[in-house]
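In: quick one: sequence plus predicted model below, questions after.
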Amino acid sequence: METIPGSGEKISVATVVRAASGQSQIRQSISPSLISALFGTSAKGMSSMLAASLIEIQQQLNAGRRVEELEFPFGGFFLGACKECIGKDLNEIFDVSVRLSTAFGQSNYGVRSEISDSSKLAFRDWAEKIKKDLFSLESPALYHHDFTKDFNVPLKVGGKSIKIGFLKGSYAANFGVMRPGVSSSADTRSLKAKVFDLEAVNRSNMFSVLNTELLVGCPNVETLSYLSNKERNNFIDSLEFLEKESKARHVSFIKFESHLQAAHHLSSKIYVKA
């Protein structure tokens, strides 16, 4: 993307990977915090334009359009040179391509990183509370089926072992939290990994999953007055990025202020699928 129209100065903002099978996918490789640092007061508009572009491009790829024939919805975007790469799956290719596209920077944005220890503990606690609340509800669906085995389901997709928070029939859900302040960056990366796992299950022919959701514990942004303006804006930008990233991958990103709310939502999904 050209930072200033007509300047000739370009930065890498996304990576497209095309498999030998013809499957193609695009992922954002520049972080919201870097966009904010580069564009200042214009960062929000740039983020929205980039997200809209990625969604439009992914739709073109899903329709079978060749990478070389992609049409950008906005001016100032350019397609870089194509390079061959070998990996066991798309995620591994993205790991390599994103690192190369960010030159010698230390950014892991766009890479399917493992979930951080801090986020892992918070995610696990959130999932356990939802599970406990679910089993305390007087839901008709719970009378006919033991849902214990449907939680934390281990799967192997594309040669990679993953775990899905809840899987039953055509419905799959992952659980996570978005904590304001110093934890939001780690949580953003970890939630993105959860989105990629759900997308992988949705795309796989081994499963009949049609409905994927990410159930996220998140405070109402109106209650974050104790944060500085910068921290609050970064938190909101990260949430918007995750929502758009999820939408592009056909994953519903749903926020809850309490685990009981999330349990009621999950119960409604179970009841429909039971």
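Out: Now that the structure is in, tell me what you want to look at.
In: count of neighbours near Ser29?
Out: The tally of other residues near Ser29 (other CB atoms under 10 Å) stands at 23. Using the backbone N, CA and C atoms, a C-beta is placed for each residue, glycine as well.
In: is it true that it touches Thr15?
Out: Yes. The criterion here is CB atoms under 8 Å, and Ser29 meets it with Thr15 at 5.1 Å.
In: distance check, Ser204 against Leu214.
Out: 17 Å (CB to CB, to the nearest Å).
In: my read: Ile30 touches Thr3, true?
Out: No. Taking contacts as CB under 8 Å, Ile30 lies outside contact range of Thr3: 11.2 Å.
In: and the two? which has more neighbours close in?
Out: Under the criterion of other CB under 10 Å, the comparison of Ile30 against Thr3 puts Ile30 first, with 23 against 14.
In: shaky segments in the protein?
Out: Along the chain, the parts satisfying pLDDT under 70 run over 6, 88, 101-116, 138-145, 182-183, 271-274.
In: quick one, longest strand in it?
Out: strand 160-168 (DSSP state E).
In: and that one, how far out from the chain middle?
Out: Offset of strand 160-168 from its chain centre (CA atoms, centre = their mean, to the nearest Å): 15 Å.
In: phi and psi next, for Leu227.
Out: Phi and psi for Leu227, reported as degrees, to the nearest 10, are phi -80, psi 160.
In: cool, Gly176 as well?
Out: Dihedral angles for Gly176 - degrees, to the nearest 10 - are phi -170, psi 170.
In: pretty sure it is touching Ser119, no?
Out: Yes. Under the criterion of CB under 8 Å, Gly176 makes contact with Ser119 at 7.3 Å.
In: now for the two: what residues contact both?
Out: By CB atoms under 8 Å, 6 or more residues apart in numbering, Gly176 and Ser119 have these common neighbours: Asp187, Ser190.
In: isn't Val177 right up against Gly217?
Out: Yes. Counting by CB under 8 Å, Gly217 is a contact partner of Val177 at 4.1 Å.
In: these two: who's more crowded?
Out: Taking neighbours as other CB under 10 Å, Val177 and Gly217 compare with Gly217 leading, 24 against 21.
In: return the residues in contact with the more buried one.
Out: Applying CB under 8 Å, 6+ apart, the residues near Gly217 are Trp126, Phe175, Gly176, Val177, Met178, Lys255, Phe256, Glu257, Ser258, His259, Ala262.
In: mind giving me the ChimeraX select for those, buried ones only?
Out: Only the buried entries of the contacts of Gly217 go into this ChimeraX selection, using 16 or more other CB atoms under 10 Å:
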select :126,175,176,177,178,255,256,259,262
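In: in strands, which of the contacts of Gly217 fall?
Out: Under the assignment DSSP E, these contribute Phe175, Gly176, Val177, Lys255, Phe256 to strands.
In: nearest residue to Ile35 other than its sequence neighbours?
Out: Ala43 (5.0 Å; CB to CB, 6 or more residues apart in numbering).
In: Asn211: neighbouring residues, count only.
Out: Asn211 has 16 neighbours, counted by other CB under 10 Å.
In: please report phi then psi for the closest residue in space to it that isn't next to it in sequence.
Out: What sits nearest to Asn211 in space, not counting adjacent residues and going by CB to CB, 6+ apart, is Tyr171, at 4.9 Å. Backbone torsions for Tyr171, taken as degrees, to the nearest 10, come to phi -110, psi 130.
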